[in-house]
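J.: Sequence first, then the predicted structure, then my questions.
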Amino acid sequence: MRFGGIVLVVLLTLGACSSDPEPKEPKRSATSVAPTSTPPTMPAQAKEDTPEGAAAFVKHYIDVFNYASNTGDVGELSRLSSPECKGCQSYIKLYRDTYKAGGYFKGSDWKLGDLRLQQAGKTTYVTTVASTEPGPYKEAAGKPEHRSTGKDNKVSFAVSRGQAGWRLTQIGLGDVR
């Protein structure tokens, strides 16, 4: 399957399928607006080998994604992302390199809307609308501060389950195709 497009590294700019049975809304892990010193803890539901577990994993992934954006700490984001996920690796590199250069991102966390699931073999595709608010960012120390534009985009995630649990294998703009 292919996604409608690949998420390119555009500073904090984000860009349907249904499933049976209708998944329950996964419990949300706590995410603080202010950066914390440790990544969010994965909720038990995100470890389940169920459609609800896949949905909870995507929500947790975005909590960790937001944490990495706010801190530059990409360790947990790297662990949850497949090395073959080009979109994932682009964001990991962006956050790591920006913070290493003395830059930052503030207040542009991704917030997910309702999730729609589609199963295809061992992969679960999760489609949602991801929203961001405008927020300041700085590419590096000594560079001027800019403001990102807030945006709502339809985004699809592919997650696969292995022995170590769920892993994000793709991020794409639009619906799963």
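T.: Received it, and whenever you're ready, just let me know what you need.

J.: Show me the beta-bridge partners of residue 172.
T.: Under DSSP bridges, the beta-bridge partners of residue 172 are residue 6, residue 156.

J.: was I right about it contacting residue 156?
T.: Yes: using CB atoms under 8 Å, residue 172 is in contact with residue 156, at 5.0 Å. Where C-beta positions appear, they are placed from N, C-alpha and C, glycine not excepted.

J.: give me the number of residues near residue 151?
T.: Look at residue 151: counted by other CB atoms under 10 Å, it has 16 neighbours.

J.: average pLDDT for stretch 52-69?
T.: The average of the pLDDT scores along stretch 52-69 is 97.

J.: now residue 74: how far from residue 81?
T.: 9 Å (CB to CB, to the nearest Å).

J.: shared neighbours, the two?
T.: When contacts are counted by CB atoms under 8 Å, 6 or more residues apart in numbering, residue 74 and residue 81 have residue 92 as shared neighbours.

J.: so after the longest helix seen in the chain, what's the next helix or strand?
T.: The longest helix of the chain (DSSP state H) is helix 51-71. Under the assignment DSSP states H and E, the closest C-terminal helix or strand after helix 51-71 is helix 75-80.

J.: Tell me which residues are up against that next one.
T.: By CB under 8 Å, 6+ apart, helix 75-80 touches 39, 60-61, 64-65, 67-68, 88, 91-92, 95, 166-168.

J.: Output these in JSON lines, with distance to residue 53 and neighbour count appended to each entry.
T.: Below are the contacts of helix 75-80 laid out as JSON lines (distance: CB to CB, whole Å; neighbours: other CB atoms under 10 Å):
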{"residue": "39", "distance to residue 53": "19", "neighbour count": "19"}
{"residue": "60", "distance to residue 53": "10", "neighbour count": "26"}
{"residue": "61", "distance to residue 53": "12", "neighbour count": "27"}
{"residue": "64", "distance to residue 53": "16", "neighbour count": "25"}
{"residue": "65", "distance to residue 53": "18", "neighbour count": "25"}
{"residue": "67", "distance to residue 53": "21", "neighbour count": "23"}
{"residue": "68", "distance to residue 53": "22", "neighbour count": "24"}
{"residue": "88", "distance to residue 53": "19", "neighbour count": "24"}
{"residue": "91", "distance to residue 53": "23", "neighbour count": "20"}
{"residue": "92", "distance to residue 53": "23", "neighbour count": "19"}
{"residue": "95", "distance to residue 53": "26", "neighbour count": "24"}
{"residue": "166", "distance to residue 53": "7", "neighbour count": "23"}
{"residue": "167", "distance to residue 53": "13", "neighbour count": "20"}
{"residue": "168", "distance to residue 53": "14", "neighbour count": "23"}
